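K.L.:
Mind looking at a prediction? Sequence and model below.
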Amino acid sequence: METHPIPEPEAIVSERVRTQYTRAPFPPVSFYPIVNGPPQQRIWLYSFTETFYHAFRVLRKPAGVRLLDAGCGTGHGIQQIRHLAPGAEVHACDFSAESLALARRRIDALGGEPVTFHELNLLDLSALPGKFDAIFCSGVVHHTANPVRALQQLKSKLKPDGVLYLMLYSQFGRRPTLLMQRAIKLLSRNPADQQEGLRWGRMLFDGLPAANPIATWEREKWGDNHRQHAEAFIDMYVNANEKNYSVREIYHDLAAAGLRFCRFSNPHSWDLAGQMSAAPELLERYRALPELEQFELVEHLFPDQDQYLFVATHEENTRAMPEWVSRGSLVGMEDRLTAVRSPFAQELKIAKPRPGFSLWKGYFEQAAWLDPHTLDLLARCDGQLSLKEIAAGWEQRHGAEVQGKGAEFLRQLESYGLVYLADRADRDTAGVSVG
């Protein structure tokens, strides 16, 4: 007869997790040093403007909004959130006093506008004042004693039209991690002793053949991170508590908490047509599936993503997507819309396939090779001209080769995260900086 372990009381699990991050704050400062001034690299996942646009295709500047980093740890994310949201009111919470102390030091070193810190458990945010336009919660919910309750607490602090960014672990992409976790537990006399687990785990990695799939995955994915930083090894391989999700389980827990899925933060990785060469009949059948089943199909065929990065909102948030999104076309809207180059659009300085081409990356981390004509189109996206004016000037300059293709190319630039599209009447459009 199959038996199931009796769940531990939530308070015991929460205390065990808190103790771990008190003794081994994460991410370790040895890996992300505290330095004076702004971060050397901007991470778009922590940008309010990018996240809100990504969820709703509406452009909003950060001045005056309220932002929360829920489970901020040692402050790597809150540093980005604060730096990328001038004029916003920014808060952060964590239940490890030691982690919060390091996060405060990081914000002090950043300089500029303040962050308000709160020592709180994600399972009870009742003491947190007010509601927020955006909540960022990366790699935290899956470590709580009750993920659905954690999501309910986040929902309780989210404004009715707010956006919630989440990162959750994948049971598919993390299979090498889960196998190593089990191996360490088998060797440990006391599985709750993380220092013992750390010792056995490092011995295992030291002895595994280089071609071993677990060793290969660790080396190619993380390099020497876990060997050099004990806190990172503990977080990955001997964590006090974690849940690894499937897409279906994400939808279930979101619904149980009164939230709904909006969009993956790496949408190209979740589109079958972008992942493989498929026959038209196969793509037609795939697109006829419900959204969840489309994602499940991709998840089972391409199970190498170890994290789910996505945005969600209130289940009752009925904000409609802009007309051009719901129609899937810009036809007839070229006078109303403008294009704004993303501040995160950047050229990657690597070898080019042929002279004149450049590899650019947008805020989806999606890269695209752009020829000189398309680069000129990108340069014209300053939020001032209508799409019609942008396209007309570009087509006039480059002649018959691009005639009639301006709107189509602008739509492609948006799909790669290189530009935003926005209504020209939107008061926030002019307030977003152009990179």
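P.N.:
Cool, got the structure.

K.L.:
after the longest strand along the chain comes which helix or strand?
P.N.:
What stands out as the longest strand in the chain, according to DSSP state E, is strand 158-169. Heading C-terminal from strand 158-169, the first helix or strand you meet, by DSSP states H and E, is helix 175-187.

K.L.:
what comes into contact with whichever helix or strand comes after that next one?
P.N.:
For helix 175-187, the succeeding helix or strand toward the C-terminus, using DSSP H and E, is helix 194-207. Outside helix 194-207, the residues within contact range by CB atoms under 8 Å, 6 or more residues apart in numbering are 20, 23-24, 180, 183-185, 187-191, 215, 218, 226-227, 230, 233-234, 237-238, 240. No exception for glycine: its C-beta is placed from N, CA and C like everyone else's.

K.L.:
Likewise for stretch 166-184?
P.N.:
137-139, 141-142, 197, 200-201, 204, 213-214, 217-218, 236-239, 242-246, 250, 299-300, 303-312.

K.L.:
chain center to that stretch: distance?
P.N.:
18 Å (CA atoms, centre = their mean, to the nearest Å).

K.L.:
From one end of that stretch to the other, what's the distance?
P.N.:
Start to finish, the residues bounding stretch 166-184 are 28 Å apart (CA to CA, to the nearest Å).

K.L.:
Give me the contacts around stretch 418-425.
P.N.:
53, 57-59, 322, 324, 330, 336-342, 345, 360, 362, 368, 378, 381, 383, 386-387, 410-411, 413-414, 428-429, 432.

K.L.:
and the residues you listed, which are buried?
P.N.:
The neighbour-count criterion (16 or more other CB atoms under 10 Å) marks 53, 57-59, 322, 324, 330, 336-342, 345, 360, 362, 368, 378, 381, 383, 386-387, 410-411, 413-414, 428-429, 432 among the contacts of stretch 418-425 as buried.

K.L.:
Just to be sure, which of the residues you listed are found in helices?
P.N.:
53, 324, 378, 387, 410-411, 413-414 (DSSP state H).

K.L.:
Now distance to Y46 and pLDDT too, for these, in TSV please.
P.N.:
Listed next are those as TSV, based on distance: CB to CB, whole Å; pLDDT from 0 to 100:
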residue	distance to Y46	pLDDT
Y53	14	93
W324	27	88
L378	24	92
L387	29	94
L410	27	92
R411	27	90
L413	23	91
E414	21	91
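
K.L.:
and the end-to-end length of stretch 395-408?
P.N.:
12 Å.

K.L.:
just the ones in helices among the buried ones among the contacts of stretch 418-425 now: which is nearest D133?
P.N.:
Of all those, D133 sits closest to Y53, with 12.9 Å by CB to CB.

K.L.:
Tell me where the protein has strands.
P.N.:
Using DSSP E, strands in the chain cover 66-70, 89-94, 116-119, 132-138, 158-169, 259-264, 307-314, 337-341, 346-348, 358-361, 367-370, 382-386, 419-423.

K.L.:
looking at those strands, which is buried most?
P.N.:
strand 66-70 (a mean of 27; mean count of other CB atoms under 10 Å).

K.L.:
so what's D124 closest to, chain neighbours aside?
P.N.:
Counting by CB to CB, 6 or more residues apart in numbering, D124 lies nearest to Q153, which is 6.7 Å off, once chain neighbours are set aside.

K.L.:
Quick one: neighbours of the one you found, just the number.
P.N.:
Neighbourhood size, Q153 [other CB atoms under 10 Å]: 23.

K.L.:
residues touching it, list them.
P.N.:
122-125.

K.L.:
From those residues, keep the buried residues only.
P.N.:
122-123, 125.

K.L.:
Output these in a markdown table; the columns should cover distance to M276.
P.N.:
Shown next, in a markdown table, are those (distance: CB to CB, whole Å):
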| residue | distance to M276 |
| --- | --- |
| L122 | 38 |
| L123 | 41 |
| L125 | 42 |
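
K.L.:
G64: which of those is nearest?
P.N.:
Distance to G64 across those (CB to CB) is lowest for L125, with 22.1 Å.

K.L.:
Now do the closest residue to that closest one other than its chain neighbours against Q366, distance only.
P.N.:
Computed as CB to CB, 6+ apart, the closest residue to L125 that is not its neighbour in sequence is Q153, at 4.5 Å. According to CB to CB, to the nearest Å, Q153 and Q366 sit 32 Å apart.

K.L.:
now swap in K61 and tell me
P.N.:
24 Å.

K.L.:
and if you look at F26?
P.N.:
28 Å.

K.L.:
same question, A256
P.N.:
From A256 to Q366 the distance is 31 Å (CB to CB).

K.L.:
Which parts of the stretch 201-350 of the chain are helices?
P.N.:
All helices of the stretch 201-350 of the chain, identified by DSSP state H, counting those that start in this stretch, fall at 213-222, 225-228, 230-237, 247-256, 272-275, 280-288, 291-301, 323-327.

K.L.:
Between those helices, which has the poorest mean confidence score?
P.N.:
Of all the helices of the stretch 201-350 of the chain, mean pLDDT reaches its minimum on helix 225-228 (a mean of 82).

K.L.:
List the buried residues of that helix.
P.N.:
In helix 225-228, counting by 16+ other CB under 10 Å, buried: H226.

K.L.:
How far does it sit from its chain's centre?
P.N.:
23 Å.

K.L.:
likewise stretch 390-409?
P.N.:
Using CA atoms, centre = their mean, the offset of stretch 390-409 from its chain centre is 34 Å.

K.L.:
ditto for stretch 77-96
P.N.:
Worked out by CA atoms, centre = their mean, stretch 77-96 lies 15 Å from the chain centre.

K.L.:
same deal with stretch 282-289?
P.N.:
27 Å.

K.L.:
in that stretch, what counts as buried?
P.N.:
Here stretch 282-289 shows Y286 as buried, counting by 16+ other CB under 10 Å.
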